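K.L.:
After the sequence you'll find the predicted model.
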Amino acid sequence: MPALSRTVQAPLAALCAAAAALALAWGAAGPAAADSGPSVAFHLSDPRITESSGLAASRIHPGVYWTHNDSDDGPYVYAVDSATGRTVAKVTMRGVHARDVEAISLGPDGDLYVGDIGDNLDGGWPEVWIYRFPEPKALSDRTVDVTRYTVRYDAGPRNAEALMVQPRTGRVYIASKNEDGGHLYEGPATLDPHGTNVFRRIADVPWVTDGAFSPDGSRLVLRGYFWATDYRWSADRPQKIGSLDVPLQQQGESVTYTTDGRALMYGSEGSDSQVWREPLSGKDLPDSAAGASSGSAAHKGAGSSSGSAGPGEETTSRSAAHKTLGIGLLLGIGALGVGVRNMARRRRG
């Protein structure tokens, strides 16, 4: 996503900070319970990572997450240790001239798929690219060869920030980004490195800044700046479940599942940005995690109080509060923009 003007950055940062403080205060006022609410998992402390736009959980390095910058960086992917927030590897993609890298996903083959799919001209580029390489088995700085795929959409160019690889089939999906709502596009069953891969529209989706499949492939989550929606994945199509709780962040750009599928990790752009962990429960849990949770809930059910709110009710309440804060923030940004324009006019006068 393009950076905001310097005139707007400082007051907007203050506005975001105030809204985030309100969100944190609201969350702290709720009942405290183990794994019952969102929390900051780690910070992206590397000063090179200032516009983290994608997130993917490593399958061979426990606790490691892959991320990358937006359009102002080179062909780099970073491995970050969630225990410390430190970068443990920088991978350079050989021969790649990154234009607007917006997403990263792990396929069932153990390969990383990097989506150079952003288009700040909102449909000005006729084609975009996907880069693919095996997840490194050793974590150290290195340069890797990649397979490059050319992508076009069946209805013409568009902006996109979400790329997801289906864990069951290996098929690649892209969600376009539009303030009035975007679309979910399905790639060919097998990507062709030598020709053009046409992605075809299969569903309507909200305003999306990132997305991810659950590790077992039974769920798809799509996030925006202040909200997220999850879907059951059935017959290669999304079936909407409902809204998810999203932490209020400076510029919420990324999401991925933890490797056990029991929580979502939400990332943001910005220096030393926070990555939040949001536990899942009930219908939002992937199928592979739901069975174990049902058994645990049945064991604890005898001691539950009938007058207390369940996890689903708490999540719905938090989600509504964060969404309200988000809408308020957007209104604040709009008012700020009007103020900046009026100030500019007075100066010209």
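P.N.:
Good, I have the coordinates. As the structure is a computational prediction, the values presented were derived from the model and not from experiment.
K.L.:
pLDDT of stretch 101-120, averaged?
P.N.:
For stretch 101-120, the mean pLDDT works out to 96.
K.L.:
Tell me which residues of that stretch come out buried.
P.N.:
If you call a residue buried by 16 or more other Cβ atoms under 10 Å, then stretch 101-120 has these buried ones: 101-108, 111-119. Quick note: C-beta positions are derived from backbone N, CA and C, even for glycine.
K.L.:
Among the residues you listed, which lie within strands?
P.N.:
A103, I104, S105, L106, D111, L112, Y113, V114, G115, D116 (DSSP state E).
K.L.:
The residues you listed: which two are farthest apart?
P.N.:
Across those, no pair lies farther apart than L106 and D116, at 16.9 Å, counting by Cβ to Cβ.
K.L.:
remind me which residues of this structure are low pLDDT?
P.N.:
For the chain, the stretches flagged by pLDDT under 70 are 1-36, 292-349.
K.L.:
any idea how far A56 lies from W125?
P.N.:
24 Å (Cβ to Cβ, to the nearest Å).
K.L.:
same thing with S58?
P.N.:
In terms of Cβ to Cβ, S58 sits 30 Å off from W125.
K.L.:
and these two? which has more neighbours close in?
P.N.:
More crowded of S58 and W125, by other Cβ atoms under 10 Å: S58, with 20 against 17.
K.L.:
distance of the residue nearest to the more buried one when sequence neighbours are not counted from V77?
P.N.:
Spatial nearest neighbour of S58, chain neighbours left out: V64 (4.1 Å); criterion: Cβ to Cβ, 6 or more residues apart in numbering. Distance of V64 to V77, computed by Cβ to Cβ: 12 Å.
K.L.:
the more surrounded of those two?
P.N.:
More neighbours surround V77 than the other of V64 and V77, with 25 against 20 (other Cβ under 10 Å).
K.L.:
Pairing partners for the helix or strand containing the more buried one, with directions?
P.N.:
In the assignment (DSSP states H and E), V77 maps to strand 76-81. Note on strand 76-81: by DSSP bridges, its sheet partners are strand 64-68 (antiparallel), strand 87-93 (antiparallel).
K.L.:
Outside of it itself, list whatever touches it.
P.N.:
Residues from elsewhere that reach strand 76-81, judged by Cβ atoms under 8 Å, 6 or more residues apart in numbering: 42, 44, 46, 48-49, 58, 61, 63-69, 86-93, 98, 104, 112, 114, 136, 139.
K.L.:
residue contacts, W125?
P.N.:
Contact analysis of W125 by Cβ under 8 Å, 6+ apart lists R99, D119, P157.
K.L.:
Contact partners for L139?
P.N.:
H61, V64, A79, V88, A89.
K.L.:
Now render the ones in strands among the buried residues of stretch 101-120 as a markdown table, adding distance to P286.
P.N.:
Putting those into a markdown table (distance: Cβ to Cβ, whole Å) gives the following:
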| residue | distance to P286 |
| --- | --- |
| A103 | 20 |
| I104 | 20 |
| S105 | 16 |
| L106 | 15 |
| D111 | 21 |
| L112 | 21 |
| Y113 | 20 |
| V114 | 24 |
| G115 | 23 |
| D116 | 28 |
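K.L.:
Between these, which sits nearest L220?
P.N.:
L220 lies nearest to S105 out of those, by Cβ to Cβ, at 11.5 Å.
K.L.:
measure that closest one to R171 for me?
P.N.:
11 Å.
K.L.:
Give me the common contacts of the two.
P.N.:
By Cβ under 8 Å, 6+ apart, the residues touching both S105 and R171 are V165.
K.L.:
And stretch 262-277, how far out from the chain middle?
P.N.:
9 Å (Cα atoms, centre = their mean, to the nearest Å).
K.L.:
Please save the CA atoms from it in CSV.
P.N.:
Below are the C-alpha coordinates for stretch 262-277, written out as CSV (Å, rounded to 0.1, in the frame of the first residue of the first chain):
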residue,chain,number,x,y,z
ARG,A,262,-5.9,-22.9,16.8
ALA,A,263,-5.2,-19.2,16.4
LEU,A,264,-4.7,-16.4,13.9
MET,A,265,-1.7,-14.1,13.7
TYR,A,266,-2.4,-10.6,12.6
GLY,A,267,0.5,-8.3,11.4
SER,A,268,0.8,-4.6,10.6
GLU,A,269,3.0,-2.2,8.6
GLY,A,270,5.2,0.2,10.6
SER,A,271,8.6,0.1,12.3
ASP,A,272,8.8,-2.3,15.2
SER,A,273,5.2,-3.4,14.4
GLN,A,274,3.3,-5.8,16.6
VAL,A,275,2.1,-9.2,15.6
TRP,A,276,-1.0,-10.2,17.5
ARG,A,277,-2.3,-13.7,18.3
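K.L.:
Would you indicate which residues of that stretch are buried?
P.N.:
Residues 262-270, 273-277 are the ones in stretch 262-277 that count as buried (16+ other Cβ under 10 Å).
K.L.:
Could you do stretch 139-150 as well?
P.N.:
The neighbour-count check on stretch 139-150 (16+ other Cβ under 10 Å) flags L139, V144, V146, Y149, T150 as buried.
K.L.:
mind exporting it as PDB, just the C-alpha atoms?
P.N.:
Extracted as PDB, the C-alpha positions of stretch 139-150 are listed here (Å, rounded to 0.1, in the frame of the first residue of the first chain):
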ATOM      1  CA  LEU A 139      18.000 -20.500   8.500                       C
ATOM      2  CA  SER A 140      20.800 -18.300   7.300                       C
ATOM      3  CA  ASP A 141      21.100 -15.400   4.800                       C
ATOM      4  CA  ARG A 142      21.100 -16.800   1.300                       C
ATOM      5  CA  THR A 143      20.200 -16.200  -2.400                       C
ATOM      6  CA  VAL A 144      17.800 -18.600  -4.000                       C
ATOM      7  CA  ASP A 145      16.600 -19.300  -7.500                       C
ATOM      8  CA  VAL A 146      12.900 -19.000  -8.000                       C
ATOM      9  CA  THR A 147      10.200 -20.200 -10.400                       C
ATOM     10  CA  ARG A 148       8.300 -17.200 -11.800                       C
ATOM     11  CA  TYR A 149       4.700 -17.300 -12.900                       C
ATOM     12  CA  THR A 150       2.900 -14.600 -15.000                       C
END
